[in-house]
Structures are given as structure tokens and as C-alpha cells.
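1. The sequence and its predicted three-dimensional model are supplied below.
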Protein chains: 2
Amino acid sequence: MSDSRIIEPRTLKGFRDFLPGAMRARDWLLETARSVLKSYGYAPIDTPALEYSEILLGKGGDESDKQLYRFEDNGGRDVALRFDLTVPLARFAAQHINELGTPFKRYHIGPVWRAENTQRGRYREFMQCDFDFIGTESLTADTETALVIHDTFAALDVGEFTIRLNNRKVLAGLLSELGLGDQTATVLRSVDKLPKIGRERVVEELVAAAGASSDQAQSLIEAVTVTGNNDAVLAQIVEIGGDATAYGVAALRAVLDGLAAAGVPESRVQVDVSIARGLDYYTGTVYETFLDELPAIGSVCSGGRYDDLASLYTKQRLPGVGASIGIDRLLAALEELGKVDLSDAGAPILLTMFAPDRTPEYLGVANALRREGLAVELYPEPKKLGAQLKYADRKGHTLAIIIGDQEWEAGTAQIKVMATGESETVAHSDLAGECARLLGNT
Amino acid sequence: MSDSRIIEPRTLKGFRDFLPGAMRARDWLLETARSVLKSYGYAPIDTPALEYSEILLGKGGDESDKQLYRFEDNGGRDVALRFDLTVPLARFAAQHINELGTPFKRYHIGPVWRAENTQRGRYREFMQCDFDFIGTESLTADTETALVIHDTFAALDVGEFTIRLNNRKVLAGLLSELGLGDQTATVLRSVDKLPKIGRERVVEELVAAAGASSDQAQSLIEAVTVTGNNDAVLAQIVEIGGDATAYGVAALRAVLDGLAAAGVPESRVQVDVSIARGLDYYTGTVYETFLDELPAIGSVCSGGRYDDLASLYTKQRLPGVGASIGIDRLLAALEELGKVDLSDAGAPILLTMFAPDRTPEYLGVANALRREGLAVELYPEPKKLGAQLKYADRKGHTLAIIIGDQEWEAGTAQIKVMATGESETVAHSDLAGECARLLGNT
């Protein structure tokens, strides 16, 4: 400890500190999501950050392996940090579902770690918020998943948004109808590139890689890019895909009907047949969500229905449907929209301090205000008023309360509105009420 | 993927899953603490789970090293999982304090990892909630630290509790007065054992290890075990320790006066000179907190004042005071006190489902109730009523709503109170109001 060397304070590449402003925005985001999820009966769970590598690698291929923070622990175990919340859910469900019973609705908020390339603003530690409805094949659960997405984004202050819906069975039906059923993986990989490389090049790829005829490729692209209101889109799908798409179309209709009955505006839900969302995992409804003001940031909430969650860990079949809210993308979006208040004030009111011999009285006034439900920071030292007000200004306090010797004797307090510089004097007995009034007005 | 081998679903030793009941209790604990901290103007921050090992090892000796989850990442960096929130705070403060300014009040809630022996119910991953008031030597900050502890435990439903206060300068003064000033570390290590090995064996140790005379040892033990109300304890300290303890005693008095002025009942604060809390770090006020009903679980919130937080990472001196709430101990305590509701219900109301062709209407009713602020789980499938009510019973729903074909036609709904089995029929327009009334009553 006598070593006077200073260790350079720094974080690892791809990792970051959250300062108060950003942290409050994240907390608010998560609290909003949590509140909606609770209103639907989703229950919170948590799982360890570290798991046996065997558990985490069960599903992933080489790709996940490289991204894994994997090491040998002090007991010689092969362990790794979780890279998503889906694999831990599968392990959790296999382990506990008999105790919990089905249907089981859970949400899980927590950090995950990926040793990814940090270019393009990607982080190696980021927060996920997943929710899943497990143990039912009912489309009611598919509808509720969209409702949770809707209610969450309606509660967040991010402007208008669009939930894009598809059903993997519609795609499968179209491919089968067009004679491309045996090339599903290749075809979907190409279709996923539509927004990036455009229609023509996708057609070229389909011909070259999937062995489609030019006509087949054109028909497929026509089908997945139909536009119009949802009824029109579904009608066109049926026209092109026929009976093979009937189940998928009916399922989409059921979800749309449910959303309408629950009061979701039609403008916020758009059937989009081009959405495939990965190749293996999803089997039914799939979801993506875009902010109308910031479409370029990509989907901020995605998910879908799967046939069997936990087949790697149990023979019990667990169908379900769920989605994941992209907390970091949303946080970046909120900042871009200027909706993050980065001020540091932990409380709207700063109670300034003068006479140090009055410290107990200041503590008493502060706590009396807190008991009225007001959040108050008491400046800890009797510095000059100018310095304390400068502090309030920098930290972003809304009100400063000033009680000097004169005011103590008169039983009064000055309240200064920081934004305008205006101040007024009130009796101590009126202090809480007046602060509450001023805070309500600002 | 064609491999049909089942991977055994399990967690690592010392790690655990949180099922909904335990998770809700933890969320409630953290939300209560967060709410008190916000009312005092503490701001939230977060730091990465992984840091350079150099940063984390800066302070710790061999002990921490062995407890560290340390490894080389894919980029060849020597990294480790944080083992507490104090070292990350020191690094954070050194890095950001110029931007944040002082005084700076932060709280930090997050998991930490220690590769400890898992005997005695210790976990290798556990949640901490730390709060610190940095950049001031004012005793107002010491008082506020005790106030935050007080308000948090008063808000939690854990029965009566006692905050035990000491000041390291009182102990230092006593040792100096008794001629043991050069044996501080050895003496304090012995004194810390008082509750475990008792008075006689501590006296023996002091004579053997610290070279104290039997008289010195007796006087010291007498001083640190004085009892009575706080005034009496402080008076006895002054009598034994004289001027050497004057500053520490005055500091304790200032904190006690502040707590009284802020309305803290005297019964909840006890000066306890035997509390040393480690050897190096703390320099002033120290805190421990005990639940009166469960003293054996040990301190559930501890902390103290330090002279310099971040000397390893910056030359800027940062004095401060803070404490850490033992979330896992408290959670265990709440369970032991029978205050954790382990039911799984994510919402108090279950809306049962019959006619599947009415699904949109059920979704509509559920969302109408949610818009009135009620949390509602809609059963996703039209199973037999008995099965659905059994589900509500097992999950712990308070109310079940039943709307069959008859009710749909009459525009009514049955509300069943699960605990009593009583039910009543109301019009749809009265459903939200009646559910709210029944939930208020249960």
C-alpha cells in the first residue's frame, strides 16, 4: 500500500460506465417495460451470469463459441458468461417447469456478454429485457406478445411506432407453393437481405444459390413485398400462395383481430411477409418493431413463436412465444430524440446550508419535506450561497431552498426557482406544499 | 442438432436461479432502498461486470486474488469479474469525478462474484446495494448515511432494528490513552472477536498477541463494552479515554443530534464502541445494522467514513462515507420471518377463458381492466373451468373472473374470490370497480 504508483482508471473496450443521466433513462425504460409486463401477469425471474459452458454452447455453433467469454474457474470447471437470456431460460424451464407449472409467463431483465467486434457501436456487455409465454400453443399468447410490445412502446415517450408481424408458416407455404420448399434456408437467407441489397440482387441470388427459376424468384419477391393495409396484404398472399399459406394467414388474422379488440390502433400493426427472423428457431408468428422517427436503428423489439424451447435439456415439449426489447438501441434512440435528461440531480430540490450550528435543524427540515413525498438533497457544508447555487445549476436541481439566520428566526424559507431565478418566501409550515406546487408547474 | 442427447440442466455450485416469488421479494427490497435513496438525492450509476484485473487487484491482497473470477479474454487481456462495488466506485470516481463534480452521491445496485467457499450458505454470485456520499468531510453526510439506513429499514417490513454506531477515532483515542496505540491492528482484530469468543479469551489474546498488560486489556474491554443509553455510553468513554477520544465522541454526538432532529427514535440508534469494521479502510463513523428479531444473521447494513476513496487511481483526494445493504441476508431474513409471498401469480386477477371464438372479446375485457390500472392474466386456452381455477389456486391469484356464453349474452361476469370461494355477478361496466374494491379488501 506504500506503492504510490497510480493505476490508470479505465474500462475494457466494449464496456462502459453508466453515469446518472444515462442510468436514470435506462431505469425508466426498464421500469416502464416491467410495469406493462406485470399488468399482463408476467413474473420476474433471474439466472446466474455464469453457467457451465456445456449449457450455453448446447445450441450455438462456432459463431456463439467465438463470442463467448469462456474460461476455467478455480475449481477446474469449464464456465462462461451468458450471451443471451434465451438459453438460460431454456435451461431454467427444463429445471423448474414441473415446480412452476404451465402456462408460465416470465420476464427477465439482465446483462449479457458477447466478445464481439466493437465496431459499429456494439457493446460487449449490454442489457436485455426478454419476456416469454411458455407452455401454450394458443394464438392468444401470440396476440398478448404483440399487446405487451404495443403497450410498452405506447408508454415510452418515443413517438409513433410500427409492429411488423409475419408468420413463418406463411413463408413456408409460399415456398412450398412456388416449388422452393426444399431450399427454405437458402431462400430465407436471401429474403432477409432485401432491405440491404434490394430486389434485383435478391432475385439474382435466388436464381444462383437456391436454383430458383427467374419466375419463381420474381413471384416470391412479389409475395414478400406486397404492400397495402393488412387485409389487402393477406388477400394477396392467399392469391399467390393458395392453400399452403392458409394456416399462416388465418393465424395472422386471429392476432390482428385480437389486437383490434384490445384497442390497438391499426396504424401501429403492419403485416410484413418479408420478415423471416432467423432460420431455425421460430415456427409461427414473428415480430419486429420500428420507431417511425428512427427506422434506421432497426427493430427495437423482436421475437416470435417457437415449437420447443428446451429440447436440449429436457424431453418435455415446451412451445411458447416471446420477444426481447433492445434496451441499448432504445436508449440510444431516446438520446437521439433528445428525450434523455442527462442532468445529474438526484432530487429536484436542493436545500442549501448556512449556519453549521443549525445542522440538526436543516436535517429536520429536509426530512419533513421527504415525509411529504418530496425528494430533497441537503448540501452538506455551509459554503457560500453562490457556490451552492452554482452546484444546483450544474446538477440540474429545479428548486433551491435557502434558510439563513434571518429566515430561521422568522420561521421562513426562501424558495428559488432555478430556471427563472425568481424566488419567494414562505413559512416553514407552507414549505412542502409550495415546493410541491412549484414542481408540479415546472 | 440431430444429436438427441439431453444436457443435464443445472447451475454452478454457489449460483442460483431466482424463481418468481424470491425474485419479487428481491425486487421489492431493492425498490424500497432505491426509493429512499432517491429521496435523499442519491443518483444511480452502473459499471461493467468485467474489469481489468489490475484495477480490481489494486487494493486487495492474496485473499481477494484467490476469490477472483479472473481469466484471459479473447483479446489476451487479463480481466476479472468485480468482487464488490467499492473498487469499481473508486475507479469510476477517479475517471469521472471532474465531470460529475463534488459532492457526489451515488447508489449502485448490481451483482458481484466471489469464488468463495460455498459452505455456510455463502453464494458465489450475490447482489449488493451500495450508497456513498463522496467529496465532503462534513458530518452531515455521516448523519445522512444513518438516516438512509433508518428510512430504508423503517420502510421494509422486517420489524424493529438497531443501527449500531461507532467512530474509529474513539477507538484510536482509547488505544492511545491506554498505551496500545502502536498495536492498533492486532488489538482491533481481537476486539472484533468479542461477540464470538467472549471477554475472557479476548483479554488473553490482547496480553499474548498485543503485549498489553492485563490491566490495559481489562480497561480496553471495559471501555468497548460499556452499555446504557447513548449519553451514558459517551460519558463513560470520555471518562476512560479522556481528551484522546474527544473528537470521536463529539462526532458521534453530532450524528446523534442530527438523527434526533430528523425524527429517528432513539431506540433505533445505539453507540457501540466495540464495532471496528475492518482495519485499514474506515477512519471515522462506522455503522452496523441488526434486525431485533434476527440478531444472529449479523449486520444487514454496514459501512463507514473513509479519508480517501480512490488513491490508487487518482491523486485527487476523495473523502466520503457510505454503506452497503446486504440484499441476500435481508432476503433470507424476510423468508425466515415469513414475509416473502412465494406465490407465482404475476397478477392478482385471472381472467378464465371459455368459448375460443370469443377470444378477441376476452382480450378486450382484459385490456379494459388493465387500462383501469388492474394487473390481469388471461388464461390462454379454453380449458375446463376446474382446471383453470386449479391453476389460479396454485399460482395464488386473488380473484378469478368467469365469463361463459351465458354471461357474454347477459353482458355480465362472475368474480370469484379464490380464498373464500365466494362469487358474485356484476355487469361488465362494473367489473373493474368491483375487482378494485375486492382487491382493496383482501
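-> Cool, the structure landed.

2. what does the stretch 51-200 of chain A put close to chain B?
-> Contact residues, the stretch 51-200 of chain A versus chain B (CB under 8 Å from any CB of the partner chain): A:51-52, A:54-55, A:58, A:66, A:69, A:71-75, A:77, A:79, A:81, A:91-92, A:94-96, A:99-101, A:103, A:105-106, A:111, A:113, A:115, A:125, A:133, A:136, A:138-141, A:143-144, A:147, A:151. (C-beta placed from N, C-alpha, C; glycine too.)

3. 7 Å instead, please
-> Applying CB under 7 Å from any CB of the partner chain, we find that the stretch 51-200 of chain A lies next to chain B at A:51-52, A:54-55, A:58, A:69, A:71, A:73-74, A:77, A:79, A:91-92, A:94-96, A:100-101, A:103, A:105, A:111, A:115, A:125, A:136, A:138, A:140-141, A:143-144, A:147.

4. Do you have the strands of the stretch 1-150 of chain A handy? List them.
-> Applying DSSP state E, counting those that start in this stretch to the stretch 1-150 of chain A gives strands spanning A:43-44, A:50-52, A:70-72, A:78-81, A:104-113, A:125-134.

5. Would you reformat those as a markdown table and include distance to residue B:384, mean neighbour count and mean pLDDT?
-> Converted to a markdown table, these look like this (distance: least, CB to CB, whole Å; neighbours: other CB atoms under 10 Å in any protein chain shown; pLDDT from 0 to 100):
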| stretch | distance to residue B:384 | mean neighbour count | mean pLDDT |
| --- | --- | --- | --- |
| strand A:43-44 | 24 | 24 | 96 |
| strand A:50-52 | 39 | 23 | 97 |
| strand A:70-72 | 48 | 16 | 95 |
| strand A:78-81 | 44 | 21 | 96 |
| strand A:104-113 | 19 | 23 | 97 |
| strand A:125-134 | 21 | 23 | 96 |
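
6. So which of the residues of the stretch 51-200 of chain A next to chain B are in helices?
-> Using DSSP state H, the members of those that fall within helices are A:54-55, A:91-92, A:94-96, A:100, A:140-141, A:143-144, A:147.

7. and stretch A:175-190, average pLDDT?
-> Taken as a whole, stretch A:175-190 has an average pLDDT of 85.

8. Pull out the buried positions in it.
-> Buried positions in stretch A:175-190, judged by neighbour count with 16 or more other CB atoms under 10 Å in any protein chain shown: A:175, A:176, A:177, A:178, A:180, A:183, A:184, A:186, A:187, A:188, A:189, A:190.

9. Closest to chain B out of these?
-> residue A:184 (14.9 Å; CB to the nearest CB).

10. Can you give me the distance of the closest one to residue A:175?
-> Distance of residue A:184 to residue A:175, given as CB to CB, to the nearest Å: 6 Å.

11. Residue A:135 too?
-> For residue A:135, the distance to residue A:175 - CB to CB - is 29 Å.

12. got it, and residue A:87?
-> Counting by CB to CB, the gap from residue A:87 to residue A:175 is 28 Å.

13. Can you tell me the closest non-neighbouring residue to the closest residue to chain B within the stretch 301-442 of chain A?
-> Nearest to chain B in the stretch 301-442 of chain A, going by CB to the nearest CB, is residue A:377, at a distance of 2.9 Å. Using CB to CB, 6 or more residues apart in numbering or on different chains and skipping the chain neighbours, the partner closest in space to residue A:377 is residue B:41 (2.9 Å).

14. I figured the one you found hits residue B:107, correct?
-> No: Residue B:41 is not in contact with residue B:107 according to CB atoms under 7 Å; the separation is 10.4 Å.

15. what angle separates the longest helix anywhere in chain A from strand B:104-113?
-> Across chain A, the longest stretch assigned as helix under DSSP H is helix A:20-39. Helix A:20-39 and strand B:104-113 meet at an angle of 60 degrees, taking axes from the mean of the first three to the mean of the last three CA atoms, to 10 degrees as the criterion.

16. Show me how far helix A:20-39 is from its chain's centre.
-> 9 Å (CA atoms, centre = their mean, to the nearest Å).

17. And for stretch A:264-272?
-> Here stretch A:264-272 is found 20 Å from its chain centre; the criterion is CA atoms, centre = their mean.

18. That one: end-to-end distance?
-> One end of stretch A:264-272 to the other measures 17 Å (CA to CA, to the nearest Å).
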